[in-house]
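Visitor: sequence unknown, structure follows:
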């Protein structure tokens, strides 16, 4: 299998690579979310006060958001809230609690 780096974004830690074998191609996107997760953990410990209609409850890397969109999760408020409420995804939350 042959691999070519298509783009690198050092600020976001994002690398897009194309893998090819015969007539098959795979585009792989990797993004280092360490800083985002640490920032979200710090925000979870803040006293935000009341939840408003436009309150930020999460910060998700774009590559993950589009993956969720393509899977249909981010297209449905019900499914997206369920995903955000899942304890496995808590590091993308800026506020804890149930949506």
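Guide: Right, received. Where do you want to start? Only a predicted model underlies this, so the values are computations on that prediction, with no experimental measurement involved.
Visitor: Just the buried positions in stretch 62-82, please.
Guide: Across stretch 62-82, burial judged by 16 or more other C-beta atoms under 10 Å covers 64, 65, 68, 73, 74, 80. Quick note: C-beta positions are derived from backbone N, CA and C, even for glycine.
Visitor: Considering the residues you listed, which is situated nearest to residue 33?
Guide: Taking C-beta to C-beta as the measure, residue 64 is the one of these closest to residue 33, at 7.8 Å.
Visitor: residues in contact with that closest one?
Guide: 31, 33, 92 (C-beta atoms under 8 Å, 6 or more residues apart in numbering).
Visitor: residues contacting the second one?
Guide: The neighbours of residue 33, taking C-beta under 8 Å, 6+ apart as the test, are 13, 61, 64.
Visitor: Quick check: which of those residues has the minimum pLDDT.
Guide: Least confident by pLDDT among the contacts of residue 33: that is residue 13, with 84.
Visitor: I'd like the distance between that one and residue 99.
Guide: Plainly put, residue 13 is 28 Å away from residue 99 if you go by C-beta to C-beta, to the nearest Å.
Visitor: do the same with residue 28
Guide: Taking C-beta to C-beta, one finds residue 28 at 31 Å from residue 99.
Visitor: likewise residue 53?
Guide: Taken as C-beta to C-beta, the span from residue 53 to residue 99 is 12 Å.
Visitor: where's residue 3, which helix or strand?
Guide: strand 2-9 (DSSP states H and E).
Visitor: Residue 84 too?
Guide: Judged by DSSP H and E, residue 84 forms part of helix 77-85.
Visitor: just residue 27 next, same as before
Guide: strand 24-31.
Visitor: Tell me what angle that strand forms with strand 2-9.
Guide: 30 degrees (axes from the mean of the first three to the mean of the last three C-alpha atoms, to 10 degrees).
Visitor: which outside residues touch stretch 78-97?
Guide: Applying C-beta under 8 Å, 6+ apart, the set of residues contacting stretch 78-97 is 36-37, 40-41, 43-44, 48, 51, 55-60, 64, 68, 72-74, 98-99.
Visitor: cutoff 7 Å now
Guide: Under the contact criterion C-beta atoms under 7 Å, 6 or more residues apart in numbering, stretch 78-97 has outside partners 37, 40-41, 43-44, 48, 55-60, 68, 72-74, 98-99.
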